[in-house]
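A.B. asks: After the sequence you'll find the predicted model.
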Amino acid sequence: MVKICCIGAGYVGGPTMAVIALKCPSIEVVVVDISVTRITAWNSDKLTIYEPGLEDVVKKCRGVNLFFSTDTEKHISEADIVFVSVNTPTKTRGLGAGKAPDLTYWESAARMIADVAKSDKIMVEKSTVPVKTAEAIEMILTHNSKGINFQILSNPEFLSEGTAIQDLFYPDRVLIGGRETPGGQKAIETLKEVYSHWVPEDRIITTNLWSAELSKLVANAFLAQRISSVNAISALCEATGADVTEVAHVVGKNTRIGPKFLNASVGFGGSCFQKDILNLVYICECNGLPEVAHYWKQVVKINDYQKTRFVNRVVASMFNTVSGKKIAILGFAFKKDTGDTRETPAIDVCKGLLGDKAKISIYDPQVTEDQIQRDLTMNKFDWDHPIHLQPMSPSAVKQVTVTWDAYEATKGAHGICILTEWDEFKQLDYKKIYDNMQKPAFLFDGRNVVDPEKLREIGFIVYSIGKPLNAWLKHIPVVA
Ligand code: UDX
Ligand code: UDX
Ligand code: ADP
């Protein structure tokens, strides 16, 4: 029986391994993590992450051929294939601070593998890492190998949160990069066999190591670039009276462009896009390519601009002050169908509003109060974009309340900001909400989930990203 061990039971490692276990009953899969809390949760009825369909998959395999454990050393030493899916945060200090990824967790995982291995192993990079990480890891492994043969593969994960299980069941492609040596090719074949249990052969792409590592960064950079492109156009639409949804629809009908990922929004979030672009920027700078670095950096800058523009729009519309006013925030997660808040635009929007002394009341169906308070007090890495404000002072955090009900959050509010596109926000009784708000009642839709015309009929003053403004908003200059 082939044994797989995955280091890191996070958003990537957990769901990916659960699906491998489901699709490959002949393989034993153990997911290990240094966090006892995380492993305990994976072994309980309340998994650490909310992901549609995940619970079903875990329940079918857990205890059969899927296990979660903190005994890292034992399971690494027994495994034939070790996936490494640990976190790679952006460095906050030292060389490359604010841009370069911090590979501490990676290095310690590699050293542990070298330390405990007693038989030949294939080590698989699963978390996104900078190009040439494999080379560094290979060096750590071979210099500490005690005669054991290690093969290193890059197998980046392309799943999106909220649709992870479907993405894993029916991937567009599986990418495996490896050395162009007989040993490297054999390792590629071994991993290919695992995926062949459910992925059609023509969807499994093999490349060299560096292409695989770079492809992941580039795929995310291209996706983020589409959002920044449409968001940049949303500002122009507001200025000219065009409707960004109509423009995006027309543009997307060109088959060379395609319709997906053209939704204008308050900005992209998530653990990958910004981090991967910063990573790409850093690699370009290190390779003497400042023009290329500048080009990609602009994608992040436009994203920051969009968040700042949104906050400024809110404050300017509400007579240039939100001081002491209750503002309801509907949605805090970085997208719908996840409880994940990493890099969510809601953090920057809330900080911006709190900076203007608003009282904010937050409702998100999947994010806990603890998480929100943590997000609003944490330090951001110090990079050259102004949206990353200073950490919240404890007194500012007192201005934040978190509720489990959209009607409660909006009661008595002067304004509402929709920051995540949860389906339930389309179904709310906006007449009831309007009746319980201060007047004039403002609604700022950062995800274009409501029909602005219908809400205007109720009496709301509505701002939707990239849509024609009503008479009041048209006359308010907004400087980003
Ligand atoms: C992304 C990539 O899609 C995935 O392939 C990769 O493996 C990890 O990073 P994820 O971050 O989970 O996945 O979610 P994604 O659906 O890509 O959304 C990222 C952000 O962009 C979200 O904040 C989302 O709301 C925003 N977005 C997405 C838009 O603002 N407009 C769009 O049209 C699409
Ligand atoms: C373009 C638009 O495609 C068309 O829809 C519009 O109506 C007019 O402008 P055109 O300029 O005739 O059409 O040719 P196009 O095929 O778009 O190529 C433009 C340039 O981009 C060419 O120099 C082409 O060689 C180059 N190109 C195109 C690339 O370098 N790489 C590509 O992948 C595609
Ligand atoms: P991702 O979104 O890429 O999956 P996460 O942060 O959700 O990232 O998950 C990474 C996991 O890796 C965390 O649960 C963390 O505790 C775990 N981890 C980091 N370093 C190690 C290590 N050396 N051994 C075991 N687990 C680790």
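C.D. replies: Arrived safely. Ligands and ions are numbered 1, 2, ... in the order given.

A.B. asks: near ligand 1 at all, stretch 160-174?
C.D. replies: Yes. Stretch 160-174 reaches ligand 1 (C-beta under 6 Å from any ligand atom) through S160, E161. For the C-beta atoms, the positions are set from N, CA and C on the backbone; glycine is no exception.

A.B. asks: Does that stretch reach ligand 3?
C.D. replies: No. For a cut-off given as C-beta under 6 Å from any ligand atom, stretch 160-174 has no contacts with ligand 3; the smallest distance is 8.3 Å.

A.B. asks: can you pull the pLDDT of K216?
C.D. replies: At K216, the pLDDT value in this model is 94.

A.B. asks: Name the helix or strand for it, please.
C.D. replies: helix 209-240 (DSSP states H and E).

A.B. asks: Does anything pack onto that helix? Which helices or strands?
C.D. replies: Helices and strands touching helix 209-240, by 3 or more C-beta pairs under 8 Å, 6 or more residues apart in numbering; DSSP states H and E, are helix 133-143, strand 150-154, strand 174-178, helix 244-252, helix 273-286, helix 290-317.

A.B. asks: And the longest one, what does it pack against?
C.D. replies: Using 3+ C-beta pairs under 8 Å, 6+ apart as the contact definition, the elements that helix 290-317 packs against are helix 209-240, helix 273-286, helix 345-355, strand 415-418, strand 442-445, strand 461-464, helix 471-474.

A.B. asks: For the stretch 151-300 of the chain, which residues are neighbours of ligand 3?
C.D. replies: Within the stretch 151-300 of the chain, the positions adjacent to ligand 3 are S271 by C-beta under 6 Å from any ligand atom.

A.B. asks: Please disregard the earlier target; I meant the stretch 1-150 of the chain.
C.D. replies: 7-13, 32-35, 38, 72, 85-87, 105, 108-109, 127.

A.B. asks: about what we covered before: would you mind giving the helices and strands packed on helix 209-240 as CSV with mean neighbour count and mean pLDDT added?
C.D. replies: Converted to CSV, the helices and strands packed on helix 209-240 look like this (neighbours: other C-beta atoms under 10 Å; pLDDT from 0 to 100):
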stretch, mean neighbour count, mean pLDDT
helix 133-143, 17, 88
strand 150-154, 24, 95
strand 174-178, 24, 97
helix 244-252, 17, 98
helix 273-286, 22, 93
helix 290-317, 20, 97
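
A.B. asks: List the beta-bridge partners for the nearest residue to S215 once chain neighbours are set aside.
C.D. replies: Spatially, and ignoring its direct neighbours in sequence, S215 is nearest to L175 (6.1 Å; C-beta to C-beta, 6 or more residues apart in numbering). Judged by DSSP bridges, the bridge partners of L175 are I205.

A.B. asks: Residue numbering should commence at 482 henceforth.
C.D. replies: Taking 482 as the first residue, the last one we looked at is L656.

A.B. asks: From what I see, L656 and L690 are in contact.
C.D. replies: No. Judged on C-beta atoms under 8 Å, L656 makes no contact with L690 at a distance of 11.1 Å.

A.B. asks: so what's in contact with these two at the same time?
C.D. replies: S635 (C-beta atoms under 8 Å, 6 or more residues apart in numbering).

A.B. asks: residue in the stretch 682-831 of the chain nearest to ligand 3?
C.D. replies: S752 (5.2 Å; C-beta to the nearest ligand atom).

A.B. asks: Let me know the pLDDT of that residue.
C.D. replies: In this model, S752 carries a pLDDT of 89.

A.B. asks: tell me the SS of it?
C.D. replies: coil (DSSP: H, G, I helix; E, B strand; the rest coil).

A.B. asks: contacting residues for it?
C.D. replies: Per C-beta under 8 Å, 6+ apart, neighbours of S752: Y492, D821, R823, E824.

A.B. asks: CA atoms of whichever helix or strand M604 is part of as PDB?
C.D. replies: Applying DSSP H and E as the criterion places M604 in strand 602-606. Only the C-alpha atoms of strand 602-606 are listed here, as PDB (Å, rounded to 0.1, in the frame of the first residue of the first chain):
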ATOM      1  CA  LYS A 602      10.900   9.500  -0.600                       C
ATOM      2  CA  ILE A 603       9.200  11.700  -3.100                       C
ATOM      3  CA  MET A 604       8.700  15.200  -1.600                       C
ATOM      4  CA  VAL A 605       5.900  17.200  -3.200                       C
ATOM      5  CA  GLU A 606       5.700  21.000  -3.000                       C
END
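
A.B. asks: do it and ligand 1 meet?
C.D. replies: No. For strand 602-606, no contact with ligand 1 is found by C-beta under 6 Å from any ligand atom; the gap never falls below 13.7 Å.

A.B. asks: other SSEs contacting that strand?
C.D. replies: strand 562-565, helix 585-597, helix 614-624, strand 631-635, helix 663-676.

A.B. asks: Distance to ligand 1 for the ones you listed - can I get that in JSON lines?
C.D. replies: Shown next, in JSON lines, are the helices and strands packed on strand 602-606 (distance: least, C-beta to the nearest ligand atom, whole Å):
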{"stretch": "strand 562-565", "distance to ligand 1": "15"}
{"stretch": "helix 585-597", "distance to ligand 1": "18"}
{"stretch": "helix 614-624", "distance to ligand 1": "17"}
{"stretch": "strand 631-635", "distance to ligand 1": "14"}
{"stretch": "helix 663-676", "distance to ligand 1": "16"}
